[in-house]
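Novice: Need a 3D model of the sequence below.
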Amino acid sequence: MGFIWTIIIGFLAGVVAKFLMPGNQPGGFIVTTLLGIVGAVVATLIGQSIGWYQPGDGAGFVGAVVGAVILLALFRAFGARR
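Specialist: So this is what the prediction gives:
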């Protein structure tokens with residue numbers, strides 16, 4: 001059941017991140033879900049390195065959204081230009 005919640009929260013975090021970033025972001029349902037899941041992982045790693053989270057703790061929904069926004073910003077800065 002935890003895996004299903006990870007997918008649901010990842011999708012919701014990806015949708016919110018895409019809503020917060022101006023402009024057109026690529027990807028559909030799967031890319032949005034992966035964006036949110038990877039955003040949560042990025043936020044967890046950054047939070048653990050700063051000391052906000054203990055080992056074994058994960059970032060919450062807000063952290064996942066922040067991580068996804070960071071990933072979108074990095075993709076926009078260094079991604080393929082059309």
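
Novice: Quick check: Ala68 touching Phe11?
Specialist: No: using CB atoms under 8 Å, Ala68 is not in contact with Phe11; the gap is 10.6 Å. The way it works is simple: take the backbone N, C-alpha and C, and place the C-beta from them, glycine included.

Novice: Show me which of those two is the more surrounded one.
Specialist: Using other CB atoms under 10 Å, the more surrounded residue of Ala68 and Phe11 is Ala68, with 29 against 18.

Novice: so where does that one fall, helix or strand?
Specialist: Assigned by DSSP states H and E, Ala68 falls within helix 61-78.

Novice: Mind giving me the packing neighbours of the helix ranked longest in the chain?
Specialist: Taking DSSP state H as the criterion, the chain has its longest helix at helix 29-50. Applying 3 or more CB pairs under 8 Å, 6 or more residues apart in numbering; DSSP states H and E, we find helix 29-50 packed against helix 2-20, helix 61-78.
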